[in-house]
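In: Pasted the sequence and its predicted model underneath.
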Amino acid sequence: MNRQDAGNRRIFFSTHPLSDVSGFSFRALPRLPPGEYERFVKAWKLLGSGGVVALVREGDMAVTGAGVCEALLARSWAVRYLNAEEMLRLATVAQEVAGGLGTRDLGRAGVAGLQARACGELGNALRVAGRAAEAEPAFEEAFDLEGEHGDPYLNAHLLHMRATLYGRSGDPGFAAQLLELVSGFYDDSGERYLGGRTRITQSIYAAHTGQGDAALRLNEEGLAQIGRAQDPALAMTALHNRLLLLLRLGRKQEAKRAIDSWGGFAADGPVALRLRWMEGSILRSLGELEEAEAALRQSRDGLSILGLKRFTAMASLELAAALLLQNRYHDAQAEALTAQRILLGMADRERYFGVLMVLDAAFSSGGVTAELVERALAALR
């Protein structure tokens, strides 16, 4: 690598937070041959402006090679909070590109490693898109390929993603066990950021198994390790998790102080909108209903604009609960119907049938309460 190329790579890393490029991509990009790194940078910019189509139409680029594959994986990761369909589309193309790689530039082990990552990222994107059954074969292929590569960091990266699939598929206890192994590996390797990111994920599944205090501790440890400035989106996700855990533990005032001490956040980002939703939930629990309604409406509308359907539906139900506490039954019913239409239009709609049937029956009979809607929300989470 020449001095100019090394300088260009430092510039890229210093101007793109880890929320834009996954931790493993930061390890992989410096290993790209100079020509492929240049193609990565060009593809990264084009994908950000117009998706895969822009590579061919605007950049006159062949959708081939390690650099383009890395750019596809990086962009897929960058949109994970914004657009599940685009995340999946980019990961699908990356997996196809990885499958056609030759060994000249990266060698056999290097190609196997990139193919393993592409399969793993595809599995993760399928999970995010609600297609968990299709995700499992992608992870199986990823681990088969990883065995040819033999990189413990790649193994940890794949285990982290696969653990989230187990958590979504109904085995949060096993997900937490896997993540304990991953976080221990990162601690032993001196990878503070990656260890913190893993602990934040681990806290989610500890909460799902009823370990509220342990989940809160893991989340706090993870937030301290990642640093708010290093990965703002992940830091806000950790704050979101902390607020949710505090509410589950009945520590409402502490949750209110936590969000007040954050110092504000952008109002239009997906994680920030979820935080605004959590603020509305906290205010509702404290009886500040008008303020809660305003926060929940802003969150619901913003999430809807971003196309985040499941979160939009859940924010609508949260708003319905706030409206019921104000004795505005018909307004609450309209919000619940909006949430129902959204959830029934999703690919994994069968996951929501039971909850929706209970809510529909309760509204139809006039027996719905804010507490019932809150229990439905807990089931959806």
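Out: Structure's in. What do you need? Residues are numbered from 1 along each chain as shown.

In: Tell me where the model's unsure across the stretch 251-381 of the chain.
Out: Where the stretch 251-381 of the chain drops to pLDDT under 70, the residues are 263-268.

In: What are the boundaries of the helices in it?
Out: Taking DSSP state H, counting those that start in this stretch, the helices of the stretch 251-381 of the chain run over residues 252-260, 270-285, 289-305, 309-325, 329-344, 353-365, 370-380.

In: Redo those as TSV? Include mean neighbour count and distance to residue 30.
Out: C-betas here are computed from N, CA, C, even on glycine. Listed next are the helices of the stretch 251-381 of the chain as TSV, based on neighbours: other Cβ atoms under 10 Å; distance: least, Cβ to Cβ, whole Å:
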stretch	mean neighbour count	distance to residue 30
helix 252-260	16	38
helix 270-285	24	28
helix 289-305	19	37
helix 309-325	25	35
helix 329-344	18	43
helix 353-365	14	47
helix 370-380	17	42
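
In: To residue 191, which of these lies closest?
Out: When these are compared by Cβ to Cβ, helix 270-285 sits nearest residue 191, at 22.9 Å.

In: just to revisit the earlier point, take the helices of the stretch 251-381 of the chain and write them to a markdown table, including distance to residue 41.
Out: Formatted as a markdown table, those follow (distance: least, Cβ to Cβ, whole Å):
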| stretch | distance to residue 41 |
| --- | --- |
| helix 252-260 | 38 |
| helix 270-285 | 26 |
| helix 289-305 | 30 |
| helix 309-325 | 33 |
| helix 329-344 | 38 |
| helix 353-365 | 46 |
| helix 370-380 | 41 |
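
In: With respect to residue 141, which of those helices lies nearest?
Out: With Cβ to Cβ as the measure, helix 309-325 is the member of the helices of the stretch 251-381 of the chain nearest residue 141 (27.3 Å).

In: could you check the angle helix 370-380 makes with that closest one?
Out: Orientation note: helix 309-325 sits at an angle of 170 degrees relative to helix 370-380 (axes from the mean of the first three to the mean of the last three Cα atoms, to 10 degrees).

In: And residue 192, how close does it get to residue 252?
Out: To residue 252, residue 192 is 32 Å away according to Cβ to Cβ, to the nearest Å.

In: actually residue 287, not the one I wrote
Out: Distance of residue 287 to residue 252, computed by Cβ to Cβ: 10 Å.

In: Residue 199 now?
Out: 25 Å.

In: Likewise for residue 107?
Out: On the measure of Cβ to Cβ, residue 107 and residue 252 end up 56 Å apart.

In: what about residue 156, how many neighbours?
Out: Residue 156: 22 surrounding residues under other Cβ atoms under 10 Å.

In: again, but for the one 4 residues further on
Out: Around residue 160 sit 26 other residues, with neighbours defined as other Cβ under 10 Å.

In: same check, this time on residue 149
Out: Counted with other Cβ under 10 Å, residues neighbouring residue 149 total 18.

In: Equivalent analysis for residue 224, please.
Out: Look at residue 224: counted by other Cβ under 10 Å, it has 13 neighbours.

In: In this structure it contacts residue 196, no?
Out: Yes. With contacts counted by Cβ atoms under 8 Å, residue 224 reaches residue 196, the gap being 7.1 Å.

In: Other residues contacting stretch 172-189?
Out: 152-153, 156, 159-160, 162-164, 166-167, 192, 194-195, 198-199, 201-202, 204-206, 208-209 (Cβ atoms under 8 Å, 6 or more residues apart in numbering).

In: what is the mean pLDDT for that stretch?
Out: Averaging pLDDT along stretch 172-189 gives 93.

In: And that stretch, what's buried?
Out: Residues of stretch 172-189 classed as buried: 172, 175, 176, 178, 179, 180, 182, 183, 185, 186, 187 (neighbour count, 16 or more other Cβ atoms under 10 Å).

In: I'd like the list of those residues that fall within helices, please.
Out: Residues of the buried residues of stretch 172-189 located in helices (DSSP state H): 172, 175, 176, 178, 179, 180, 182, 183, 185, 186, 187.

In: what's the angle between the helix or strand containing residue 235 and helix 270-285?
Out: Assessed by DSSP states H and E, residue 235 sits inside helix 232-248. Relative orientation of helix 232-248 versus helix 270-285 (the same axes, to 10 degrees): 20 degrees.

In: what's the spacing between helix 232-248 and its chain's center?
Out: Averaged C-alpha coordinates place helix 232-248 at 13 Å from its chain's average position (Cα atoms, centre = their mean, to the nearest Å).

In: so what does it touch, helix or strand wise?
Out: On a contact count with 3 or more Cβ pairs under 8 Å, 6 or more residues apart in numbering; DSSP states H and E, helix 232-248 meets helix 192-208, helix 212-226, helix 252-260, helix 270-285.

In: packing partners for the last one?
Out: Packed against helix 270-285 by the contact rule (3+ Cβ pairs under 8 Å, 6+ apart) you find helix 232-248, helix 252-260, helix 289-305, helix 309-325.

In: Kindly recompute the last result at 10 Å.
Out: Here helix 270-285 touches helix 232-248, helix 252-260, helix 289-305, helix 309-325, helix 370-380, going by 3 or more Cβ pairs under 10 Å, 6 or more residues apart in numbering; DSSP states H and E.
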